[in-house]
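In: starting from these lines, generate the structure:
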Amino acid sequence: MRYLCQMKKLLHIIIYLAFAATICADACTSMIVSAGASASGRPLLWKHRDTGADNNFLARVDSTGLIGYVGLFNAGDSLLREAWMGMNDRGFAIMNTASYNLAPDTASFKDQEGRVMATALARCTTVADFEILLDTLPKPLGVQANFGVIDANGGAAYFETGDWSWTRFDVADSPDGVLIRSNYSFSGEEGKGSGYIRYDNATRLASPAIARGAVTPALLTDTLSRSFYHRLLGRDLYADDIVVNQDFIPRDISTSSIVIEGVTPGASPPSSRMWAILGYPPCGATHLVTLTEIPAGFLPDSSWRSPACDEAMNLRRSTIPYPGGSGPRYIDMRRLRPINEQKRRESLDNYRSAK
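Out: Next comes the predicted model:
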């Protein structure tokens, strides 16, 4: 009887989460870590990206009279109009997660987050600059997002932003120097939105390092973004054979995991750097990206796609146990584990060689 009750409970969870997935096509898990909470003494900006776009690439953008930056772009964006995360030459960096509890998703003018971030990277030096930008851009903004930003002066904050207004949450006001966001806003309607379980997963996995003030980029890219811990089920499903792919940090629509290491106050802003996986994170390797050097596989090819991203996404498809029907909702962990472990070894080697 106890077994049957547990199975019924799991079935209800799966049905609910499957429904939730159909209404939330774009979703991410993110974290801002203050300099005092990071092992290196440099602030960290992390985004595990979930999106309906199956490929994304990195590129350097330089425009006359504007600040140069390295940004993440969707495949096909040959004009580099929408940046989905990035860092610029002045030490400013930005990312976002979609928010689903700030306002009803009925606006006809929406999905402008990438354009807002591209504008911010080209124009902003500080967190205060970004606040001014939000105030002065034409309204409605066409966004429902938690924007995370850091700067070279020690500024670090989330701006929970809708069409007409925003609410700022400074990392300095957090007792442990860390803020986490998924796909709901703390200033939004309570109980609405999505990503609550992923938020709890990230909090649980990072809490030991947070308590020691020792968060590293590798923890984020190569532990959290590869983890199959599920807070609601109360365990890590990594050792299982077949798992239902719901509410882990890595999702079937995950296409990158990126950490930007900012600079300590007074240091040279161009020393900002990025640690990036493109493609499904458990099937990709983390590489160092600087403001002047991007790994060749992360750059767009002639079709404006990242070869490294395509490679990781193809490996992900090889772990789907059944190609038809609801097969993509499952993961064959027996196929995934050797891929993930090899890529994690490559990632940690890359971290070690960059020190």
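In: you'd agree residue 277 is in a strand?
Out: Yes - according to DSSP: H, G, I helix; E, B strand; the rest coil, residue 277 belongs to a strand.
In: so what's it up against?
Out: By CB atoms under 8 Å, 6 or more residues apart in numbering, the contact list for residue 277 reads 221, 225, 256, 257, 258, 284, 285, 286, 287, 312, 347. Backbone N, C-alpha and C define where each C-beta goes, glycine included.
In: any idea how far the first one is from residue 281?
Out: Taking CB to CB, to the nearest Å as the measure, residue 221 falls 7 Å from residue 281.
In: go on, the third one?
Out: Here the distance between residue 256 and residue 281 works out to 7 Å (CB to CB).
In: number of nearby residues for residue 344?
Out: Residue 344 has 19 neighbouring residues, counting by other CB atoms under 10 Å.
In: ugh, wrong one, residue 172
Out: With other CB under 10 Å as criterion, residue 172 counts 12.
In: now do the SS call for residue 146.
Out: Counting by three-state DSSP, the backbone at residue 146 sits in strand.
In: tell me the bridge partners for it.
Out: Note on residue 146: beta-bridge partners by DSSP bridges are residue 97, residue 160.
In: can you pull the contacts of it?
Out: Residue 146 neighbours (CB under 8 Å, 6+ apart): 30, 96, 97, 99, 158, 159, 160, 161, 181, 185.
In: related to what we said a few turns ago, now the common contact residues for residue 256 and residue 281.
Out: Here residue 256 and residue 281 have residue 48 as joint contacts, going by CB under 8 Å, 6+ apart.
In: which residue ranges of this structure form helices?
Out: Assigned by DSSP state H, the helices in the chain fall at 2-23, 113-123, 127-136, 196-212, 217-222, 307-317, 333-354.
In: tell me what angle the second one forms with helix 127-136.
Out: Angle between the axes of helix 113-123 and helix 127-136 is 130 degrees (criterion: axes from the mean of the first three to the mean of the last three CA atoms, to 10 degrees).
In: what's helix 113-123 in contact with?
Out: Identification of contacts with helix 113-123 by CB under 8 Å, 6+ apart yields 61, 63, 66-67, 69, 71, 74, 80-88, 92, 94-96, 98, 129-130, 133, 137, 141, 143, 145, 147, 149.
In: quick one: buried ones out of the residues you listed?
Out: Buried residues within these, defined by neighbour count using 16 or more other CB atoms under 10 Å: 61, 67, 69, 71, 74, 80, 82-88, 92, 94-96, 98, 129-130, 137, 141, 143, 145, 147, 149.
In: returning to what we had before: who has more neighbours, residue 221 and residue 281?
Out: Between residue 221 and residue 281, residue 281 has the larger neighbour count (other CB under 10 Å), namely 31 against 27.
In: wouldn't that one be in contact with residue 250 here?
Out: Yes - Residue 281 lies in contact with residue 250 (CB atoms under 8 Å); the separation is 5.4 Å.
In: find residues that contact each of these two.
Out: The contact lists of residue 281 and residue 250 share 48, 225, 226, where a contact means CB under 8 Å, 6+ apart.
In: the first one: neighbouring residues, count only.
Out: In other words, residue 48. Residue 48, neighbours per other CB under 10 Å, totals 29.
In: then the last one?
Out: Using other CB under 10 Å, residue 226 is surrounded by 23 other residues.
In: I'd say it and residue 236 touch.
Out: No - taking contacts as CB under 8 Å, residue 226 lies outside contact range of residue 236: 11.0 Å.
In: contacts only, for the spatially closest residue to residue 55 that is not a sequence neighbour.
Out: Ranked by CB to CB, 6 or more residues apart in numbering and with sequence neighbours excluded, the top spatial neighbour of residue 55 is residue 75, at 3.7 Å. Going by CB under 8 Å, 6+ apart, residue 75 touches 53, 54, 55, 56, 57, 300, 303, 304, 305, 306, 309.
In: now tabulate the contacts of residue 277 in TSV and tack on pLDDT and distance to residue 174.
Out: Formatted as TSV, those follow (pLDDT from 0 to 100; distance: CB to CB, whole Å):
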residue	pLDDT	distance to residue 174
221	98	22
225	98	22
256	98	25
257	98	22
258	98	22
284	98	30
285	98	31
286	98	26
287	98	30
312	98	33
347	98	28
